[in-house]
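Asks: pasting the structure only:
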(Lines give C-alpha, C1' and ligand atoms only; values in the text may rest on other atoms or scores of the structure.)
Protein backbone atom coordinates (compact mmCIF):
# COMPACT_ATOMS: atom_id res chain seq x y z
CA UNK A 1 0.00 0.00 0.00
CA UNK A 2 1.05 3.55 -0.68
CA UNK A 3 -0.32 6.42 1.43
CA UNK A 4 -0.55 10.07 0.35
CA UNK A 5 -1.68 13.30 2.02
CA UNK A 6 -2.28 15.07 -1.27
CA UNK A 7 -5.13 15.13 -3.76
CA UNK A 8 -2.80 16.05 -6.61
CA UNK A 9 -3.76 14.04 -9.67
CA UNK A 10 -6.91 12.59 -8.09
CA UNK A 11 -9.89 12.43 -10.43
CA UNK A 12 -13.49 11.36 -9.78
CA UNK A 13 -12.85 8.19 -11.81
CA UNK A 14 -10.35 7.11 -9.14
CA UNK A 15 -13.05 7.27 -6.43
CA UNK A 16 -15.54 4.67 -7.68
CA UNK A 17 -16.89 2.07 -5.25
CA UNK A 18 -16.84 3.94 -1.95
CA UNK A 19 -19.76 4.43 0.46
CA UNK A 20 -20.70 0.77 0.14
CA UNK A 21 -24.14 0.04 1.59
CA UNK A 22 -25.34 3.65 1.56
CA UNK A 23 -28.87 3.93 0.12
CA UNK A 24 -27.95 7.12 -1.77
CA UNK A 25 -24.15 7.42 -1.81
CA UNK A 26 -22.27 10.49 -3.00
CA UNK A 27 -21.17 10.19 -6.61
CA UNK A 28 -17.42 10.31 -7.38
CA UNK A 29 -17.57 14.03 -8.26
CA UNK A 30 -19.17 14.84 -4.89
CA UNK A 31 -16.67 12.53 -3.18
CA UNK A 32 -13.77 14.49 -4.69
CA UNK A 33 -15.38 17.76 -3.58
CA UNK A 34 -15.70 16.54 0.03
CA UNK A 35 -12.05 15.47 -0.02
CA UNK A 36 -10.98 18.88 -1.33
CA UNK A 37 -13.04 20.68 1.33
CA UNK A 38 -11.59 18.65 4.21
CA UNK A 39 -8.91 20.13 6.46
CA UNK A 40 -6.80 17.00 6.21
CA UNK A 41 -6.95 13.86 4.10
CA UNK A 42 -4.98 10.63 3.80
CA UNK A 43 -5.47 8.32 0.83
CA UNK A 44 -4.47 4.68 0.48
CA UNK A 45 -3.44 3.42 -2.95
CA UNK A 46 -2.93 -0.10 -4.22
CA UNK A 47 0.68 0.24 -5.35
CA UNK A 48 0.20 -2.32 -8.12
CA UNK A 49 -2.73 -0.54 -9.80
CA UNK A 50 -2.43 3.03 -8.43
CA UNK A 51 -6.13 2.72 -7.48
CA UNK A 52 -7.50 4.65 -4.47
CA UNK A 53 -8.65 1.90 -2.08
CA UNK A 54 -9.18 3.87 1.13
CA UNK A 55 -9.36 7.34 2.61
CA UNK A 56 -9.83 9.24 5.86
CA UNK A 57 -10.77 12.89 6.31
CA UNK A 58 -10.68 15.41 9.13
CA UNK A 59 -12.31 18.80 9.59
CA UNK A 60 -10.49 21.00 12.08
CA UNK A 61 -10.16 24.52 13.46
CA UNK A 62 -6.42 23.84 13.55
CA UNK A 63 -6.21 24.84 17.22
CA UNK A 64 -8.21 22.68 19.62
CA UNK A 65 -10.68 20.48 17.79
CA UNK A 66 -10.97 18.08 14.90
CA UNK A 67 -13.71 15.79 13.69
CA UNK A 68 -13.18 12.68 11.57
CA UNK A 69 -16.28 12.29 9.41
CA UNK A 70 -15.07 9.58 7.04
CA UNK A 71 -12.95 6.45 7.10
CA UNK A 72 -13.64 4.22 4.12
CA UNK A 73 -11.90 1.22 2.62
CA UNK A 74 -13.20 -0.49 -0.51
CA UNK A 75 -14.94 -3.77 0.40
CA UNK A 76 -12.45 -5.96 -1.46
CA UNK A 77 -9.53 -4.35 0.44
CA UNK A 78 -10.97 -4.63 3.97
CA UNK A 79 -9.30 -6.68 6.73
CA UNK A 80 -5.78 -5.87 5.50
CA UNK A 81 -4.95 -3.19 8.09
CA UNK A 82 -5.57 -0.31 5.69
CA UNK A 83 -8.19 1.38 7.88
CA UNK A 84 -5.97 1.05 10.94
CA UNK A 85 -3.06 2.61 9.06
CA UNK A 86 -5.25 5.45 7.77
CA UNK A 87 -6.41 6.22 11.34
CA UNK A 88 -2.82 6.05 12.64
CA UNK A 89 -1.60 8.45 9.96
CA UNK A 90 -4.48 10.87 10.57
CA UNK A 91 -3.90 10.81 14.35
CA UNK A 92 -0.25 11.64 13.69
CA UNK A 93 -1.31 14.60 11.52
CA UNK A 94 -3.65 15.76 14.32
CA UNK A 95 -1.25 15.10 17.20
CA UNK A 96 -1.21 18.75 18.33
CA UNK A 97 -5.01 18.96 18.54
CA UNK A 98 -6.71 18.75 21.98
CA UNK A 99 -9.86 16.87 20.99
CA UNK A 100 -10.37 14.53 18.08
CA UNK A 101 -13.92 13.26 17.76
CA UNK A 102 -15.83 10.91 15.48
CA UNK A 103 -19.24 9.29 15.44
CA UNK A 104 -19.73 5.67 14.52
CA UNK A 105 -22.31 2.92 14.66
CA UNK A 106 -22.33 0.74 17.79
CA UNK A 107 -20.77 -2.21 15.98
CA UNK A 108 -17.68 -0.10 15.18
CA UNK A 109 -17.03 1.04 18.77
CA UNK A 110 -14.67 -1.90 19.53
CA UNK A 111 -12.68 -1.13 16.36
CA UNK A 112 -12.02 2.45 17.41
CA UNK A 113 -11.39 1.47 21.04
CA UNK A 114 -8.56 -0.79 19.80
CA UNK A 115 -7.12 2.30 18.11
CA UNK A 116 -7.03 4.22 21.41
CA UNK A 117 -10.30 6.11 21.29
CA UNK A 118 -12.85 6.12 24.12
CA UNK A 119 -16.61 5.79 23.83
CA UNK A 120 -18.59 8.94 24.55
CA UNK A 121 -22.12 10.15 24.12
CA UNK A 122 -23.02 12.37 21.22
CA UNK A 123 -25.95 13.94 19.47
CA UNK A 124 -26.57 14.13 15.77
CA UNK A 125 -29.07 15.01 13.11
CA UNK A 126 -29.25 13.22 9.77
CA UNK A 127 -31.00 14.63 6.71
CA UNK A 128 -31.13 11.39 4.74
CA UNK A 129 -32.69 13.08 1.72
CA UNK A 130 -29.32 14.90 1.39
CA UNK A 131 -27.16 11.77 1.82
CA UNK A 132 -25.84 11.85 -1.76
CA UNK A 133 -24.58 15.43 -1.31
CA UNK A 134 -26.47 16.59 -4.38
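Replies: Cool, the structure landed. Every value quoted in this text rests on a predicted model; they were computed, and no experiment measured them.
Asks: Where do the helices of the protein begin and end?
Replies: Using DSSP state H, the helices of the chain run over residues 28-36, 82-93, 109-114.
Asks: In the first one, which residues are buried?
Replies: Judged by neighbour count using 16 or more other CB atoms under 10 Å, the buried positions of helix 28-36 are 28, 30, 31, 32, 34, 35. Using the backbone N, CA and C atoms, a C-beta is placed for each residue, glycine as well.
Asks: show me the contacts for the fourth one.
Replies: In other words, residue 32. 7, 10, 11, 12, 15 (CB atoms under 8 Å, 6 or more residues apart in numbering).
Asks: just the buried residues of helix 28-36 now: which is nearest residue 99?
Replies: Distance to residue 99, by CB to CB, is smallest for residue 34 among those, at 21.8 Å.
Asks: How confident was the prediction at that closest one?
Replies: Note on residue 34: pLDDT of 97.
Asks: repeat for residue 102
Replies: For residue 102, the predicted pLDDT is 96.
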